[in-house]
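Undergrad: all I have is the shape, not the residue letters:
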């Protein structure tokens with residue numbers, strides 16, 4: 001009798017203490033749960049063994065990446081429903097007993113054993129980062145982490161990001177704007193905030209595929225040094241710069257920001273890079289950028305932020321993102337980032353939250369990936385494509401629900417005279433032209 005779906009639904013509801021909001025379809029063809037919504041498809045009982053050996057998010061993610069579970073229907077709706085049960089249940093876990101002493105957990109484990117079978121733990125999917133050597137955020141370890149994330153293949157990223165090849169939050173006029181227009185508007189907004197003028201020297205930290213460098217050099221006549229730890233990004237950026245005829249204005253280096261020594265610069269842009277720095281090195285990051293600016297120079301730090309914890313010592317990096325997306329990446333609350341920049345000597349003059357803009361950007365990237373799914377799989381692996389689809393869709397929901405945000409922080413290396421060089425009404429830069 002095909003009844004795996006009913007058994008799993010009953011088991012999940014007993015464990016969670018709530019009705020399961022999604023329908024389950026099991027490998028034996030059985031279905032159970034509420035009709036009319038998204039269906040959680042469990043293609044192989046191996047997924048249950050992953051949960052037995054690694055309960056929680058990591059077990060589910062490994063099964064997703066391996067193709068053992070899937071969603072039939074709207075992925076955003078399914079994630080939203082599951083997040084409400086698994087990740088957004090308040091602070092109940094802080095009062096719970098140890099899982100091995102919890103009768104419900106023991107009963108759930110026995111139920112999964114009966115359905116999934118007792119076999120050795122399945123090996124993690126090959127897309128998972130293996131054990132990392134060396135201390136956190138050394139130059140070598142950071143270089144390997146960046147390579148894992150960005151050296152996936154420029155053609156793969158082009159499918160997701162579109163022709164702009166900008167891998168950070170766009171700036172949307174409205175929801176009907178095109179992704180290309182929104183990314184161009186974001187780059188131009190940053191240039192205006194930095195008050196770039198012809199002949200200025202700009203350092204673009206974490207320059208990606210060169211979009212910011214090209215826009216600043218072409219539209220504002222500045223000299224740009226772009227640094228990245230990704231050789232694939234650097235090769236793509238140099239080719240693109242040559243095609244634009246801007247090799248006399250832009251130099252792209254495969255270089256750690258800690259090794260840049262040729263200041264002073266008039267301005268520094270750091271767009272979606274500081275998330276890789278980590279708490280351990282953030283003071284060093286802020287002090288290094290401060291030292292590279294001339295007096296009166298400006299820094300534009302564009303960075304994702306998490307909500308502060310009641311107990312900051314309890315903060316843990318998300319296992320899925322750490323093992324599959326951004327190894328060693330860390331998010332800090334906005335207040336801590338501002339405070340660290342101030343401690344380094346910067347005068348923070350403007351903070352603009354663009355949280356909703358990132359949700360729009362991510363949904364467009366997911367749409368691009370889904371529209372080019374077969375090619376994306378061919379250019380990478382099925383598991384890698386599944387990682388990116390889940391990661392971007394889940395992050396879009398996190399931005400929409402205010403679980404994470406993204407901010408542009410404008411800071412100035414104000415001289416002793418106190419003359420910042422900013423207009424009395426700083427938001428004048430929102431007026432293009």
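TA: Everything's here; your move. Just so we're clear, the structure is a prediction, and the values are computed from it rather than from any experiment.

Undergrad: contacts, neighbours, all on C-alpha from now
TA: Will do.

Undergrad: assign residue 266 to helix, strand or coil.
TA: Under DSSP: H, G, I helix; E, B strand; the rest coil, residue 266 falls in the strand class.

Undergrad: and the one 4 residues further on, by the same measure?
TA: With three-state DSSP as the basis, the three-state label of residue 270 is strand.

Undergrad: residue contacts, it?
TA: Residues in contact with residue 270 (C-alpha atoms under 8 Å, 6 or more residues apart in numbering) are 204, 205, 206, 207, 299, 300, 301, 302.

Undergrad: could you do residue 156 as well?
TA: The contact partners of residue 156, taken as C-alpha under 8 Å, 6+ apart, are 376, 379, 380.

Undergrad: the closest residue to residue 334 other than its chain neighbours: which element?
TA: Distance criterion C-alpha to C-alpha, 6 or more residues apart in numbering; nearest residue to residue 334, sequence neighbours excluded, is residue 305 at 5.6 Å. Using DSSP states H and E, residue 305 sits within strand 293-306.

Undergrad: who's the nearest residue to residue 31 once chain neighbours are set aside bridged to?
TA: Excluding its sequence neighbours, the residue lying closest to residue 31 (C-alpha to C-alpha, 6+ apart) is residue 25, at 4.4 Å. Residues in a beta bridge with residue 25, per DSSP bridges, are residue 31, residue 41.

Undergrad: wait, residue 25 touches residue 45, no?
TA: No: contact criterion C-alpha atoms under 8 Å: residue 25 and residue 45 do not qualify, at 11.7 Å.

Undergrad: more crowded one of those two?
TA: Legend: neighbour count by other C-alpha atoms under 10 Å for residue 25 and residue 45, higher for residue 25 (26 against 19).

Undergrad: where do the helices sit along the stretch 251-400 of the chain?
TA: 282-292, 319-320, 334-343, 355-371, 373-379, 382-400 (DSSP state H, counting those that start in this stretch).

Undergrad: tabulate the ones you listed in a markdown table, adding columns for distance to residue 76.
TA: Listed next are these as a markdown table, based on distance: least, C-alpha to C-alpha, whole Å:
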| stretch | distance to residue 76 |
| --- | --- |
| helix 282-292 | 33 |
| helix 319-320 | 17 |
| helix 334-343 | 27 |
| helix 355-371 | 10 |
| helix 373-379 | 17 |
| helix 382-400 | 6 |
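
Undergrad: by mean pLDDT, show me the worst of those.
TA: Among the helices of the stretch 251-400 of the chain, helix 319-320 has the lowest mean pLDDT, at a mean of 90.

Undergrad: contacts for that one, please.
TA: Contacts to helix 319-320, defined as C-alpha under 8 Å, 6+ apart, come from residues 57, 58, 61.

Undergrad: so which bits of stretch 153-172 are buried?
TA: For stretch 153-172, a neighbour-count test (16 or more other C-alpha atoms under 10 Å) marks 154, 156-162, 164-172 as buried.

Undergrad: tell me if I'm right that residue 60 and residue 53 touch.
TA: No: the pair residue 60 and residue 53 fails to qualify as a contact (C-alpha under 8 Å) at a distance of 10.9 Å.

Undergrad: so which of those two has more stuff around it?
TA: residue 60 (19 against 14).

Undergrad: now the closest residue to the more buried one other than its chain neighbours: how far from residue 68?
TA: Spatial nearest neighbour of residue 60, excluding adjacent residues (C-alpha to C-alpha, 6+ apart): residue 51 at 6.5 Å. Separation of residue 51 from residue 68 (C-alpha to C-alpha, to the nearest Å) stands at 12 Å.

Undergrad: repeat that for residue 331.
TA: Applying C-alpha to C-alpha, the value for residue 331 to residue 68 is 30 Å.
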